[in-house]
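J.: Sequence and predicted structure are below.
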Amino acid sequence: MSFSIWLGLLAICCLGAMSPGPSLAMVVRHTLGGGRLHGIVCAWAHSIGIGVYALVTLLGLAVALKEAPLLFNGIALLGAMYLIWMGIGALRSKGGMADKLAAGKSSSLLQAARDGLAISLFNPKILLFFLALFSQFVLASAGGSGKAVIVLTPLLVDGLWYTLVALMLSHPQLLPKLRARAALIDRLSGVVLILLGLRVIWTQLLG
């Protein structure tokens, strides 16, 4: 893979990672509820999911999955229901960051990792993103090193971006202010997750 092609890949990965959405909301919640380390763990678990999708695309499995509509729609609907379930929990603040902070508790690192991985793996929009934009780079990748670049670039960009987000949000002057608004952040993230899940269901059933 030439350097100019890699720069194009890097630019697309940066734009994808920096787009606001449920992934950002999840990193914010865990940084808020557990602190810097929890946000970073959530960020890198999320990036592993991104790496999985990059690998799936590279192996051609994403195209095969897309051409099996019943299987793809089934996976997408299951993912959508999981996102809605997470969103309802956040809206009710049942086990949410606000409740944990009020009780003097924090989310566990395992929960941060689980939510970070789930929010990437159960979002079919990410698979479609790779299908739409990565085919040109897959064709340009020759040999093991090129294929490794295809997988590692989006994984590292995603992990580094959300790590930066966690570092900024956990600043001593900012974190207490965010924690004072924990209930609002819980509800906003819940709305985002539910809307994403409903959009996926709408697209799969009526699209």
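T.: Structure received. Residues are numbered from 1 along each chain as shown.
J.: Does residue 168 lie in a helix or a strand, and which?
T.: helix 143-169 (DSSP states H and E).
J.: and that helix, what does it pack onto?
T.: For helix 143-169, the packing partners by 3 or more Cβ pairs under 8 Å, 6 or more residues apart in numbering; DSSP states H and E come out as helix 3-18, helix 22-34, helix 36-58, helix 135-140. For every residue, glycine as well, the C-beta is placed using N, CA and C.
J.: tilt between the second one and helix 3-18?
T.: Inter-element angle recorded for helix 22-34 and helix 3-18: 60 degrees (by axes from the mean of the first three to the mean of the last three Cα atoms, to 10 degrees).
J.: same question, the longest one
T.: For helix 36-58 and helix 3-18, the angle between their directions (the same axes, to 10 degrees) works out to 130 degrees.
J.: Buried ones in helix 36-58, by neighbour count?
T.: By 16 or more other Cβ atoms under 10 Å, the buried positions in helix 36-58 come out as 38-58.
J.: Could you give the average pLDDT over it?
T.: Throughout helix 36-58, pLDDT has a mean value of 92.
J.: and if you look at stretch 125-141?
T.: Stretch 125-141 comes out at a mean pLDDT of 72.
J.: Now for residue 122: which residues touch it?
T.: Contact analysis of residue 122 by Cβ atoms under 8 Å, 6 or more residues apart in numbering lists 78, 79, 80, 82, 83.
J.: make it 10 Å
T.: For residue 122, the contact set (Cβ atoms under 10 Å, 6 or more residues apart in numbering) comprises 22, 49, 75-76, 78-83, 86, 196-197, 200.
J.: Out of the helices and strands packed on helix 143-169, which is closest to residue 113?
T.: helix 36-58 (4.1 Å; Cβ to Cβ).
J.: Would you pull up how far that closest one lies from the middle of the chain?
T.: Centroid separation for helix 36-58 versus its chain: 7 Å, with Cα atoms, centre = their mean, to the nearest Å.
J.: and residue 117, what is it in contact with?
T.: 42, 44, 45, 46, 47, 48, 49, 50, 52 are the contacts of residue 117 under Cβ under 10 Å, 6+ apart.
J.: List the buried residues of the helix holding residue 168.
T.: The neighbour-count check on helix 143-169 (16+ other Cβ under 10 Å) flags 146-147, 149-151, 153-159, 161-163, 165-166, 169 as buried.
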